[in-house]
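Trainee: heads up, no residue letters with this:
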């Protein structure tokens, strides 16, 4: 299940880890009638960008780590519209989405190298290419070189479009 979701009954957003367990139903051990009841239970669905924005606005991120998780999730859900080759524009432009990315950039300023990659990607998508290059100076570990190299090529091309940083090699 997703880490954060919305209750199908009351519409409240909650962290799934904080939800009380209402039961346990190992399918192989259930009688047919009991199993039918469990199959009618609502599924925990992932939130869309608006739902994640609502979670942030209602204070469901009381710690910096949870705030970062929700902000990155909002960024990713907002990017869903641009995951097609024929997508218009190719990057977020809505003011609250841009503000969310600005907050991510601020929060990741002194982050580890993986967070610096996220920060540079956010800067690139906002068209702040020189800032992205400066951020990438802090990424030195060879584990991150493939993503850094791709990001550098997108910056050199002055592309703000959503791109795949962690490409998989189909030959392997």
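Mentor: Cool, the structure landed. These figures come from a predicted structure and were not determined experimentally.
Trainee: is residue 5 in a helix, a strand, or coil?
Mentor: Following DSSP: H, G, I helix; E, B strand; the rest coil, the label given to residue 5 is strand.
Trainee: same question but for residue 14, I mixed them up
Mentor: Criterion first, three-state DSSP; result for residue 14: strand.
Trainee: ok, and what's touching stretch 129-137?
Mentor: 116-117, 119-121, 123-124, 148, 151-152, 155, 158 (CB atoms under 8 Å, 6 or more residues apart in numbering). For every residue, glycine as well, the C-beta is placed using N, CA and C.
Trainee: widest-spaced pair of those?
Mentor: Within those, 116 and 158 form the most distant pair, 20.4 Å apart (CB to CB).
Trainee: ok, these two, which is more surrounded?
Mentor: Comparing residue 116 with residue 158 by other CB atoms under 10 Å, the one with more neighbours is residue 116, at 21 against 9.
Trainee: dihedrals phi and psi, that one?
Mentor: phi -70, psi -30 (degrees, to the nearest 10).
Trainee: how close does it get to residue 123?
Mentor: Applying CB to CB, to the nearest Å, the value for residue 116 to residue 123 is 10 Å.
Trainee: now swap in residue 83 and tell me
Mentor: From residue 83 to residue 123 the distance is 20 Å (CB to CB).
Trainee: what about those two, which has more around it?
Mentor: residue 123 (25 against 11).
Trainee: my guess is the more buried one contacts residue 105. True?
Mentor: Yes. Under the criterion of CB atoms under 8 Å, residue 123 makes contact with residue 105 at 6.1 Å.
Trainee: what's the weakest-modelled helix or strand in this structure?
Mentor: helix 32-39 (a mean of 66; mean pLDDT, DSSP states H and E).
Trainee: for the lengthiest helix in the chain, which helices and strands make contact with it?
Mentor: Using DSSP state H to assign secondary structure, the helix with the most residues in the chain is helix 64-79. Here helix 64-79 touches helix 49-57, helix 95-107, going by 3 or more CB pairs under 8 Å, 6 or more residues apart in numbering; DSSP states H and E.
Trainee: any stretches of this structure with poor pLDDT?
Mentor: The chain contains residues with pLDDT under 70 at 23-38, 167-172.
Trainee: what residue is smack in the middle of it?
Mentor: In the chain, the C-alpha closest to the average C-alpha coordinate belongs to residue 73, at a distance of 2.7 Å (CA atoms, centre = their mean).
Trainee: which residues sit in contact with that one?
Mentor: Going by CB under 8 Å, 6+ apart, residue 73 touches 4, 47, 52.
Trainee: could you do residue 77 as well?
Mentor: 47-49, 52.
Trainee: hang on, the earlier thing: can you flag which of the contacts of stretch 129-137 belong to helices?
Mentor: Filtering the contacts of stretch 129-137 for membership in helices, criterion DSSP H, returns 116-117, 119-121, 123-124, 148, 151-152, 155.
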